[in-house]
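J.: output the structure for:
(2 chains)
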Amino acid sequence: MESISPAVAEAAAKPVTDVVVTVRDVHRHYGAVHAVNGVDLEIGRGELFGLIGHNGAGKSTLFKMMLGLIPMTRGEIRIDGQSVSGGAFRSVRRAVGYLPENVVLYDNLTGLETLRFFSRLKAAPLSDCMAALERVGLADAARRRVREYSKGMRQRLGFAQALLGTPRILFLDEPTTGLDPEAIRDFYAILRSLKADGVTMILTSHILAEIQERVDRLAIMAAGRIQALGTVQALREQMDLPLWFDIRIATEHFETVRNVLGHLPISAIEAQDGLISVQCQRDSKMAVIQALAALNGTMRDLHVREPSLEDVFFGFSD
Amino acid sequence: MEIRQIRTIAAKEFQDRIRNRWVVAVALIFTVFALVIAYLGGAQQGSVGFRSIEFTIASLVSLVIYLVPLIALILGFDAIVGERERGSLDLLLSLPITRFELLLGKYLGLSGALAASMLAGFGIVAVVLTIQLDTGILLHFSGFVGTSVLLGMAFLSLAVTLSVFAADRTRASGLAIALWFFFVLIFDLLVLGALVVTGGQYGGELFPYLLLLNPADVFRILNIYSLEEVRSLYGLATVFPAALASPWLLGGVMFAWITIPLSIAAWRFRR
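T.: As a prediction, the model looks like this:
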């Protein structure tokens, strides 16, 4: 990266306050395969943190090491200052909620029985169970067997399970798989209220468009390392991807405007059916906007397209 | 170790098997097979009907040796690998529970389901036999049922162990069937074959000890040796030295068959 904008430098340098999860120089090797190859990470209290990467990028392995499910080859992971696999593992795990990807719960139990089972193991009050079912909108199905649940209901039950015992940290692996748009919206509403309560959440997702508006910060993993870390906006700037202006023009002004735009510092121009799309680098953005302002009266509509998280993701992970 | 966690896992496993009617179905199988065999067991000798408790138990021993290991292996083969395949193992292990507590809880819960189905199934048989014969048989019969449960627990221990080692459910089920073939059908043939090939000259005195390497044989000896009347029916039992025939010693061997595989499973599962 030849030039880093002040915003990015600031975001990168700004220390995370009130650190809850610390990952220090963590490695996990399977023979010659380095699934996780030197990861450092700090996540703060009340942060909604996204972890993204291709399949095989190492995010599931990192996730499982954070949960103490698989040992590290090297390094250290601390949750609330305590080691995830040390002698205090029970108290660490009581503070943690986990929703695995594609988990299949027990068909023969009802939703309520499922939660009672998990709340006993977590030593959480049994009264949490009904409250958790209500929170995810399954109260009416509490006494139905999981066998009869739809895919979305099973996913919500898994989420309710993760909420038992008022965890301080939530690990959510592809949490919105199988949810319809309304349920996804409800799901993020719950995350927002948890965030307000100071709950730290770490989630992975393949649906980048879904998380880009919602996470505070994210890490892009590839080849066992974190390739980029920061807010979505900071990553966009760091990647320095071009952006697009879509300009709708009245037919009679079309050629005039096209000529004006042709003289601007732009990298591409496309025109069709009264719509002109102009691509420019981030540092030419203001120059283009000023030129467009001078076209007063000829524009019918203007739309600015920032590079999506997907563009950023492919930029970092390829 | 937290007993509470073990109990929670065990209770869920047990409840699961009650809920899907596994316990009832297996109890029915035991009742029907046991009554049919008890009634028709003497058909080869040209008579039918309930006979002495010794002959009844001798007939039921064969039934148990075929059926109980099979049922125990089917019950336990996916205990761990099944959870792993459905993705719930990671979830369970992310909770404040150790791997050993999870394994032991699973084993005890499944043992409870197996024991409940056997006690219920053979309990009905005991009632029928008491009516047909007399109440004096109960002591004998409860010894038989108790050792049957132990046999089931030994094979359940083997099943849970292979469920820890197996990479997936398919392989686990294949291994379970292989174990059944080995212990129930092949082992005795191998031992006898070795005895015949060597002309009985070598290892003759080792032979009874070899039988201890098969929990099904331990069960057979436990039940046959105590029955004076039928001991002569079984060639194997006659070569068995009296010193080894102590029910306590054989019970101890059975206990080892329960604890050793489970310990190996716990050792493997920890990694």
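
J.: what sits against residue 64?
T.: In the absence of a named chain, chain A is used. Counting by Cβ atoms under 8 Å, 6 or more residues apart in numbering or on different chains, A:K64 touches A:I70, B:D90. For the C-beta atoms, the positions are set from N, CA and C on the backbone; glycine is no exception.

J.: chain B is the one I meant
T.: B:S148, B:L151, B:F219.

J.: same check, this time on A:K59
T.: A:L51, A:I52, A:G53, A:T204, A:M221.

J.: report the mean per-residue pLDDT for the helix or strand containing A:G50.
T.: Using DSSP states H and E, A:G50 sits within strand A:48-53. Strand A:48-53 shows a mean pLDDT of 92.

J.: repeat that for stretch B:38-48.
T.: 77.

J.: tell me which residues in stretch B:56-75 are buried?
T.: Across stretch B:56-75, burial judged by 16 or more other Cβ atoms under 10 Å in any protein chain shown covers B:56-61, B:63-65, B:67-75.

J.: meant to ask about stretch A:262-282
T.: A:L264, A:I266, A:A271, A:I276, A:V278, A:Q279, A:C280, A:R282.

J.: please name the bridge partners of the residue positioned nearest the centre of chain A.
T.: Geometric centre of chain A, nearest residue: A:G50, 3.0 Å, by Cα atoms, centre = their mean. For A:G50, the beta-bridge partners are A:L203, A:L218 (DSSP bridges).

J.: could I get the contacting residues of it?
T.: A:I202, A:L203, A:T204, A:S205, A:I211, A:R214, A:V215, A:R217, A:L218, A:A219.

J.: could you report the neighbour count for the closest residue to chain B within the stretch 201-318 of chain A?
T.: Nearest residue of the stretch 201-318 of chain A to chain B (Cβ to the nearest Cβ) works out as A:I202 at 12.9 Å. For A:I202, the count of nearby residues is 24 (other Cβ atoms under 10 Å in any protein chain shown).

J.: show the model's pLDDT score for it.
T.: A:I202 is given a pLDDT of 96.

J.: number of residues surrounding the residue nearest to it when sequence neighbours are not counted?
T.: Leaving aside its sequence neighbours, A:I202 sits nearest to A:F49 (Cβ to Cβ, 6 or more residues apart in numbering or on different chains; 4.8 Å). A:F49 is flanked by 22 other residues according to other Cβ under 10 Å.

J.: does A:F49 really touch A:L218, like I thought?
T.: Yes - A:F49 is in contact with A:L218 according to Cβ atoms under 8 Å; the separation is 6.8 Å.

J.: quick one, strands of the stretch 201-318 of chain A?
T.: Per DSSP state E, counting those that start in this stretch, the stretch 201-318 of chain A carries strands over the ranges A:217-222, A:225-230, A:243-249, A:268-272, A:275-280, A:299-305.

J.: the fifth one packs against which elements?
T.: On a contact count with 3 or more Cβ pairs under 8 Å, 6 or more residues apart in numbering or on different chains; DSSP states H and E, strand A:275-280 meets strand A:243-249, helix A:254-262, strand A:268-272, helix A:285-293.

J.: sorry, back to before: and the residue nearest to A:I202, what does it touch?
T.: A:F49 neighbours (Cβ under 8 Å, 6+ apart): A:I43, A:T200, A:M201, A:I202, A:L203, A:V215, A:D216, A:R217, A:L218, A:A219.

J.: the first one belongs to a helix, doesn't it?
T.: No - if the criterion is DSSP: H, G, I helix; E, B strand; the rest coil, then A:I43 is strand and not within a helix.

J.: measure it to A:S317 for me?
T.: 20 Å (Cβ to Cβ, to the nearest Å).

J.: who has more neighbours out of these two?
T.: Between A:I43 and A:S317, counted using other Cβ under 10 Å, the more crowded position is A:I43 (24 against 16).

J.: beta-bridge partners for the more buried one, please?
T.: Beta-bridge partners of A:I43, as defined by DSSP bridges: A:V21.

J.: rewinding a little: any chance of the contacts of A:F49 in CSV, with distance to B:F122 too?
T.: Below are the contacts of A:F49 laid out as CSV (distance: Cβ to Cβ, whole Å):
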residue, distance to B:F122
A:I43, 58
A:T200, 55
A:M201, 53
A:I202, 53
A:L203, 53
A:V215, 60
A:D216, 63
A:R217, 63
A:L218, 61
A:A219, 60
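
J.: most neighbours among these, which one?
T.: Neighbour max across those (other Cβ under 10 Å) = A:L218, 28 neighbours.

J.: residue contacts, that residue?
T.: A:F49, A:G50, A:L51, A:I52, A:I211, A:L229, A:G230, A:T231, A:V232, A:L235, A:L309.

J.: re the thing from before, which of the contacts of A:K59 sit farthest apart?
T.: A:T204 and A:M221 (9.4 Å; Cβ to Cβ).

J.: give the buried residues for stretch A:21-34.
T.: A:V21, A:T22, A:V23, A:V26, A:H27, A:R28, A:H34.

J.: for stretch A:281-288, that is, sorry about that
T.: Buried, per 16+ other Cβ under 10 Å, within stretch A:281-288: A:R282, A:S284, A:V288.

J.: can you pull out the helices in the stretch 51-200 of chain A?
T.: A:59-66, A:89-94, A:111-122, A:127-135, A:151-163, A:181-196 (DSSP state H, counting those that start in this stretch).

J.: gap between B:A266 and A:R45?
T.: For B:A266, the distance to A:R45 - Cβ to Cβ - is 37 Å.

J.: phi and psi next, for A:T166.
T.: Backbone torsions of A:T166, given as degrees, to the nearest 10, read phi 30, psi 70.

J.: can you pull the contacts of it?
T.: Neighbours of A:T166 in contact, by Cβ under 8 Å, 6+ apart: A:A124, A:D128.

J.: which bits of chain A sit near chain B?
T.: Contacts of chain A with chain B, taken as Cβ under 8 Å from any Cβ of the partner chain, map to A:64, A:67-69, A:89-91, A:93-94, A:96, A:98, A:100-106, A:108-109, A:113, A:117-118, A:120-123, A:161, A:171.

J.: repeat the analysis, applying 7 Å as the threshold.
T.: A:64, A:67, A:69, A:90, A:93-94, A:96, A:98, A:100, A:102-106, A:108, A:117, A:120-123 (Cβ under 7 Å from any Cβ of the partner chain).

J.: filter these down to the buried ones, PyMOL style.
T.: Here is the PyMOL command that selects the buried residues among the residues of chain A next to chain B (16+ other Cβ under 10 Å):
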select buried, chain A and resi 64+67+69+93+94+96+98+100+103+104+105+106+108+117+120+121+122+123
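
J.: okay but B:V128 is in contact with B:L35, surely?
T.: Yes - with contact defined as Cβ atoms under 7 Å, B:V128 counts as touching B:L35 (6.3 Å).

J.: so B:I97 is in contact with A:L121, correct?
T.: Yes - counting by Cβ under 7 Å, A:L121 is a contact partner of B:I97 at 5.7 Å.

J.: overlap in contacts, those two.
T.: B:Q5 (Cβ atoms under 7 Å, 6 or more residues apart in numbering or on different chains).

J.: turn the helices of the stretch 51-200 of chain A into a markdown table, including distance to B:F141 and mean pLDDT.
T.: Below are the helices of the stretch 51-200 of chain A laid out as a markdown table (distance: least, Cβ to Cβ, whole Å; pLDDT from 0 to 100):
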| stretch | distance to B:F141 | mean pLDDT |
| --- | --- | --- |
| helix A:59-66 | 51 | 90 |
| helix A:89-94 | 45 | 88 |
| helix A:111-122 | 37 | 96 |
| helix A:127-135 | 44 | 94 |
| helix A:151-163 | 45 | 94 |
| helix A:181-196 | 58 | 92 |
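
J.: among those helices, which is nearest B:A43?
T.: Of the helices of the stretch 51-200 of chain A, nearest to B:A43 by Cβ to Cβ is helix A:111-122, at 47.7 Å.

J.: check which helices and strands the closest one is in contact with.
T.: Other helices and strands packing on helix A:111-122, by 3 or more Cβ pairs under 7 Å, 6 or more residues apart in numbering or on different chains; DSSP states H and E, are helix A:127-135, helix A:151-163, helix B:3-19.
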